[in-house]
Structure formats: structure tokens, C-alpha cells
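Trainee: Any chance you could fold what I've pasted below:
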Amino acid sequence: MKPMLIACLAALLVLALGAEAQTKRAFIVGVGEYENIADLQKTVGDAQGYAELFGTDLGFAVTPLINPSRAEFAARFGAFVETITPGDEVVFIFSGHGWSDGAENYLIMADAPREASEFQLKTETMPLTAGVLAQLKARTPRLTFAIIDACRDYPFDSFTMNAFERGLVRTDVSEGTLVLYAAGSRQKALDRLSNTDTSEYSVFTRVLLPKLRNADRPLQDIARDVKDEVRALARTINHVQRPAYYDELLGDYCLSGTCTPSGLGPGLDDDTRLWLDVTRGPRSMDAKTCEGYQRYLAMFPDGAYSIRASRLLNTPPCGAGAPDIEDASRITGSTAVRAGFDAMGVDARRAPATTRAPVITVDPATLPDFAMFRECEACPDMVVLPGGAFDMGSPPDEEGRGDDEGPVKSLVLKRFAIARFETTWQEWDACVAAGACSAADVEVAGGDNGWGRGRRPAIETDWRDARAYARFVDGRSPGGYRLPTEAEWEFAAKAGLKTRFAWGDGAPVCDEASRYGANFRACSDDQTRPVGSFPASPFGLFDMHGNVWEWVKDCYTADLSDQPRDGFAKTIQGCPFRVLRGGSWNYAPQVLRSANRSRSSVDYRNNYIGFRLARTL
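Mentor: Presented below is the predicted three-dimensional model:
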């Protein structure tokens, strides 16, 4: 046989084997919890929705990645790219922060710095076209479909670029590629339509997901419809958001491999196609969350199905019979509107010994200030705090003051929620049982120290354990669960006062029924107490003074001179120490003061260290 013929046959064999080995692969990233910049509420939920769709419904081999650092992203994405063979179908999805220098768009991972030069940001964030898309192109897949929802709020402090403030910029794509953005060039993408919008997904994702389930429909048709429907939804609140897509696919392309006209059968008008899109499928946008009917009416107010959509919006669970905001305090079991510590009374400020707040069915962002809520069975009891202006730190003449408590800084915080209690063993053990938290190092360090578990605070937990628990809770009820920032913690501890403690300047005493009660060296019995053993603060919070030190998000610095004025976490590249707040059972009263600060390395454990969660609203 001639050498040329042998070579040709060998090449044909390689192509045949490659075609037989073709597969569908998806790399899906959701970044909601950032170490140094503002967290995002819907991104992790978006990523989980896409992962379920592509993995369960569409048969893709899915590589999910939640809250990765840049190094972790690079390693995992590099390994993913190595699995791609010629002719594969590849999907890349990113939901999180992004920025643009006007020419390239960059994806921001969890450890991005808050303050950096433009040059530093380009090295510490991931370029989309020159990085992600170029690596995928080099593996010659048959299809590259990228979904980018990174056109959100400006996250950085130290440099300002008009290009980013107005959103991302258009992308040049190669043959066989379709890139779909949540918003058009220099536009901002919405997480939600209003404070009463309870969808688990962003405005863009809630429209796109049900359409992608119709795998017989061309991606180009889906992209066109998504543009119009998201634009119509955004216009209902006078916002401009119209998704953009850049298409270099050769002909129609359907995820099923076989396209049918319009994907829903031939001859259907736009009205009927949208109605079927809204109401079909087990996870479509139906009456469970009600956005589907709202979306239909926004597009077709006089459509063939508008009367039915309106009726469904006015019956449970969308309308009549659904809990309203005024009912929220009765549902949550708490109306702890701050009226001053004395006015509340000791009994009203004591924690129930075993009961927890019932799970709510409303958006916590709609609850009144100081209302208590719990979003899921695995979620902690939370209290809504109003935010606003406050002075962080202590004055030079405060008794017991440390050098790192000044200078006093005037801050303005956004509204947020914080856990009513420190995280308990009961809550931690549920995370371990779910495989989301690791018990090994905690137990080696001493576990519960023989004091008992249940409603005692989880101890021997380091900063990474606290972060793992926050991710576990946020996975059960996506909404921005995280560690509090140092400013948020001190705002919560001070409870609107400028005194040493939440009750005033007087030191705590050992009487558990006293308004000044706290758990500290003089009355500790040399161990932790069950959370809520002492009276609450005017904000309805327990154990802000004593019991266990609590990890917060910030990097420790020697004073407050560079404290961010918006209450965000203070960050340093390669941060060696994280902040601890609140004092503990084995410290003197002066250490329990609201403004007192301490520090430890992220892997430090002890039987006087625990944590509590916060939640973005």
C-alpha cells in the first residue's frame, strides 16, 4: 500500500474515532462571596440552575465551580480544557462580577483585590476573549457557547474606568462560537426587579433557563427572544437592560442536535411560543415563583393568554392568600423594633430555650427593620438591621481602650441581616453531615471540649471553617449568606449606642437574669454557655459580648485609619491575620467591649473561638 494512502486512511481513522468520542462538556462558575469586594446575591443560584439544566436535562458533563479564587479557577479551567477533544460541544458559563478596560472584558474571582491599579487588575482577573475563549478555541470544539452574566455593580475602590461603570463591551468571536451577555454593551444587569422579587435567579437567568430546556430550538432564536423579554421586564421598572449576543455559528444550532421550527413546533406565533415556554417543564417559571406570568404580561398585555395569566397572578401562591409584608413580622415571630433597652423588658429579650423561628416565605429584604426571620431549615435565625451612619472605634478616653481601636471613623452601612445567635454545634453538625464542612481538624483540636454540643456555640472552628459553613447555608437558601464585615459586627454590637457595651458603660455582672448579663471570666464556670443564656441587646441579638470570639471577614490592620467608609471588609493581598470580635468566656469584661479588636491567623483554633453569619439584603 502506498505511503500516501496509508496516511490518508490513518487520518480518516483518527477523525472517525474523534467523532465517536465527541461529547458535551460544560464549565459553570458562580461567584457570590467575595473576600474583598461586594458580594452578589443571585450568582450562585444562577450557577446551580445552569448546572442542573446542562447536567440533568441536557446530558452535559458538568464541571461546577463556586466562589473560586483566581488560582483555583485557572487550575480547574486548565484541567477542563485538557479534556476537550476536536468536535466536542462546549458550554462556558460565568455569573459574578466583571470589568472592562474598554477593549477586553475581565471576569472577577473571589479573591480579587478591592484596591489595585489597572495593571494589577489585569493580572489578577481573568480576560474573557484572550484567556477563556482563546483557550477553548485552541481545542477546536464543534460548538462554543458562552453565557456571561458579569455586567453588575462597579466593585473597586482605587481606580475608576468609565468603560466598566457602564458595563462590559462587545466581544469578537471566532467561527463556531456564540457568546450571550446578560446586558448590552455598557449596560448594567439586574439581579432582581424589586425588593418583593423572590426569584432564586437573576432577571436574565430566569428568562434564559426555561428556554434552554427546549433543546430542539436554535440557540440564535433563543438569544433573540431573551433580548426582547429581558428588555421588556427591565422596562417595567424603568431600567435599560437588553442582552447582547455575538454569533459566528454556521447555520442554526440546537443543543439536542436536531432543530425543529421555532423549537416548539411549526406555525406557532410568538404569543403561544412564549406561553408554552413559560408553563412547560417541571422547573419552568410557573406559579411557584410567578415571574413567568409577569413576564408573559409584560410582553403580551393583550395576548391570547393574558386573562389566564392575570387570574393566576391574583390567586395563591402569587396573589390572594400569599403573605404580604405587613404579615411578615407575625410569620417570623418577632417584632423587635428597637425602642431602647429599658423599654423592651428582660423577658422580651430572652431567647427561647429550644424553639426556632419558623421558615418564612417572603423576601427578607421586604421585612421591617429588626424583624427576625429564617429562610430554610438549615438556616440560622437572622435579624434585619437598618444600616445607616455610625462611628466605628472608641474614643481615646474609653476605659480599657486598645491602640488599634482608632481613629474613630464615621461610616455609612447598607441595610443587612445578622444571625441572632452564634453558630451552634447543632448547626455545624448539620453542615458536617451534609458533607459541606469538615469535622476532622475541629475534633483533633478538641471538639466540644467535653462541655456538650446542641445549642452551645461551635468552637475550635477556624476562619476557613466559618467560610465553609456560610457557603453551606447559602447553598441551601441562596441570598448572600457570609461572614459579617468588621464594621457590620461593631454596628450590630453597639446597637445604636456610643457606650462601651450594648447596655451602657457599666461592666457586665454574673446574674443571668440581669440586663447586664454576659459570659466572661468572672461568671463563666470555665466554659461556654448555650447561646441565648443571657438577655439580648436592643437589636435583639444574643452573645455579642462574651461566650466566644467571633470571626469576621476583614483582614486585621493595626488601626482603623484605612477602614472603608461603606462598611465593606478591609482587605490586604496575602492577608496574614483575620479579625476576631466580641471576647469570650475566659476574658475580662474590658475585652468584651463593642469596640475591642483581636486577630488570629486563618487556621487558628481554640475553645473560645466561634462565629456567626450575616446576610446581604
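
Trainee: Could you measure from A522 over to R581?
Mentor: To R581, A522 is 20 Å away according to CB to CB, to the nearest Å. Every C-beta, even on glycine, is put in place using the N, C-alpha and C of the backbone.

Trainee: Compare those two and say which is more crowded by neighbours.
Mentor: Shown here are A522 and R581; by other CB atoms under 10 Å, R581 has more neighbours (24 against 12).

Trainee: Would you mind naming the residues that bridge with that one?
Mentor: With DSSP bridges as the criterion, R581 is bridged to E550, R597.

Trainee: which ones are touching it?
Mentor: Taking CB atoms under 8 Å, 6 or more residues apart in numbering, we find R581 in contact with 486, 489-490, 493, 549-550, 552, 596-598.

Trainee: Kindly recompute the last result at 7 Å.
Mentor: 486, 489, 549-550, 552, 597 (CB atoms under 7 Å, 6 or more residues apart in numbering).

Trainee: Output stretch 414-434 as CSV, restricted to C-alpha atoms.
Mentor: The C-alpha trace of stretch 414-434 is given here as CSV (Å, rounded to 0.1, in the frame of the first residue of the first chain):
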residue,chain,number,x,y,z
LYS,A,414,-26.2,49.4,53.9
ARG,A,415,-29.1,47.5,55.4
PHE,A,416,-28.2,43.9,56.2
ALA,A,417,-29.1,40.9,58.4
ILE,A,418,-27.0,39.2,61.1
ALA,A,419,-27.5,35.9,63.0
ARG,A,420,-29.4,36.2,66.2
PHE,A,421,-27.1,33.7,67.8
GLU,A,422,-23.6,32.4,67.4
THR,A,423,-23.4,29.4,65.2
THR,A,424,-24.2,26.3,67.3
TRP,A,425,-22.9,22.8,67.3
GLN,A,426,-26.3,21.7,66.1
GLU,A,427,-26.0,23.9,63.1
TRP,A,428,-22.3,22.9,62.5
ASP,A,429,-23.0,19.2,62.8
ALA,A,430,-25.8,19.5,60.1
CYS,A,431,-23.1,21.1,57.8
VAL,A,432,-20.7,18.2,58.5
ALA,A,433,-23.5,15.6,57.9
ALA,A,434,-24.2,17.2,54.5
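
Trainee: hey, C-alpha coordinates of stretch 600-612 in CSV?
Mentor: Extracted in CSV, the C-alpha atoms of stretch 600-612 (Å, rounded to 0.1, in the frame of the first residue of the first chain):
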residue,chain,number,x,y,z
SER,A,600,-5.6,35.4,64.6
SER,A,601,-4.3,33.5,61.5
VAL,A,602,-7.0,31.8,59.4
ASP,A,603,-6.0,28.3,60.6
TYR,A,604,-6.0,29.2,64.3
ARG,A,605,-8.4,27.1,66.5
ASN,A,606,-9.3,27.3,70.2
ASN,A,607,-12.1,26.5,72.6
TYR,A,608,-13.0,30.2,72.9
ILE,A,609,-13.4,30.9,69.1
GLY,A,610,-16.6,30.6,67.0
PHE,A,611,-18.6,32.7,64.6
ARG,A,612,-22.0,33.9,63.4
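
Trainee: Can you give the contact residues for that stretch?
Mentor: 418-419, 421-423, 441, 445-446, 449, 457-464, 466, 483, 548-551, 576-578, 580, 584-586.

Trainee: swap in stretch 181-199?
Mentor: By CB under 7 Å, 6+ apart, the residues outside stretch 181-199 that reach it are 41-42, 148-149, 151-152, 166-170, 202-204, 206, 233-234, 236-237, 239-245, 289, 291, 363, 365-366.

Trainee: ok, of those residues, which come out buried?
Mentor: Neighbour counting with 16 or more other CB atoms under 10 Å marks 41-42, 148-149, 151-152, 166-169, 202-204, 206, 233-234, 239, 241-245, 289, 291, 363, 365-366 as buried within the contacts of stretch 181-199.

Trainee: Report the contact partners of K24.
Mentor: Counting by CB under 7 Å, 6+ apart, K24 has contacts 59-61, 89.

Trainee: Let's have these in a markdown table, adding secondary structure and neighbour count.
Mentor: Converted to a markdown table, the contacts of K24 look like this (DSSP: H, G, I helix; E, B strand; the rest coil; neighbours: other CB atoms under 10 Å):
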| residue | secondary structure | neighbour count |
| --- | --- | --- |
| G59 | coil | 13 |
| F60 | coil | 22 |
| A61 | strand | 14 |
| E89 | strand | 21 |
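
Trainee: Take these and lay them out in JSON lines including distance to S117 and pLDDT.
Mentor: Formatted as JSON lines, those follow (distance: CB to CB, whole Å; pLDDT from 0 to 100):
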{"residue": "G59", "distance to S117": "44", "pLDDT": "90"}
{"residue": "F60", "distance to S117": "39", "pLDDT": "94"}
{"residue": "A61", "distance to S117": "39", "pLDDT": "94"}
{"residue": "E89", "distance to S117": "39", "pLDDT": "95"}
